[in-house]
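> When you get a sec, could you give me coordinates for this:
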Amino acid sequence: MDRYAHNELKVVIEAVCALAISASVVFGVRGVPRIDADAGWLIAFYIALNGLFGVLACTRLKWLGGEKRDFESAVPLANSDTVLPTPGKSLWRSFDWGFFAFLVVPCLVVALVWEPLVALWPLVLVPDRLAKGVYVTYWERRHGVLLWRGHVPDQPLGKGQRLYSSVRQPTS
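From the prediction side, this is the model:
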């Protein structure tokens, strides 16, 4: 079970690392491509559109992936100690190498064979996840809980539930 905000931040870190590797390799092999105005505007449009969908996903609009309702309907964990990660588990140790490879390998292949600008594709994922991560953190602080995403088999109220909440522990 992962903390919702940490999962969004983790994807941002994975995408930025994939971008750094794929862009370094492709631009090192093929050289830095010239970006004409049309391609630059298209890239900026995709990034802005993804950011907009990230912001809209933080609303109640279900057809846009509105997750605010899911946050508000999160079932409280009966025993949060069984689910919470150990204090030594860091965000970096939860790095998803499979997703990272999923981002890097296709970008490298397509960028080396066809168009070098494809190496920038992981950048498109960042605004959406960053907007969700910031909103989830804001929502958690405002409500005094932490949101967890995952499956808890021994949770009696959580049949089919994917979001759970636990009381925010005070920091000393």
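
> Output the contacting helices and strands for the helix or strand containing residue 22.
Taking DSSP states H and E as the definition, one finds residue 22 inside helix 4-30. When contacts are defined as 3 or more Cβ pairs under 8 Å, 6 or more residues apart in numbering; DSSP states H and E, helix 4-30 packs onto helix 97-113, helix 126-143, strand 145-149. Any C-beta I mention is one placed from the backbone N, CA and C, and that applies to glycine too.

> what inclination does the last one have with respect to helix 126-143?
Just to be clear, that refers to strand 145-149. 140 degrees (axes from the mean of the first three to the mean of the last three Cα atoms, to 10 degrees).

> Quick one: mean pLDDT over strand 145-149.
Looking at strand 145-149 alone, the average pLDDT works out to 77.

> can you give me the offset of it from its chain's centre?
In terms of Cα atoms, centre = their mean, to the nearest Å, the gap separating the centre of strand 145-149 from the centre of its chain is 15 Å.

> Distance check, the residue nearest to residue 55 when sequence neighbours are not counted against residue 115.
When the adjacent residues along the chain are set aside, residue 55 lies closest to residue 131, with 5.0 Å between them (Cβ to Cβ, 6 or more residues apart in numbering). Distance, residue 131 to residue 115, using Cβ to Cβ, to the nearest Å: 27 Å.

> low-scoring stretches of this structure, by residue?
Applying pLDDT under 70 to the chain flags the ranges 1, 62-66, 78-94, 151-164, 167-172.

> On the three-state scheme, residue 121 is what?
Under DSSP: H, G, I helix; E, B strand; the rest coil, residue 121 falls in the helix class.

> give the contact list for the residue nearest to it when sequence neighbours are not counted.
Closest residue to residue 121 in three dimensions, ignoring its sequence neighbours and counting by Cβ to Cβ, 6+ apart: residue 107, at 5.2 Å. Applying Cβ atoms under 8 Å, 6 or more residues apart in numbering, one finds that residue 107 lies in contact with 18, 22, 26, 118-119, 121-122.

> re earlier: what is the burial count for the residue nearest to residue 55?
Other residues within reach of residue 131, judged by other Cβ atoms under 10 Å, total 20.
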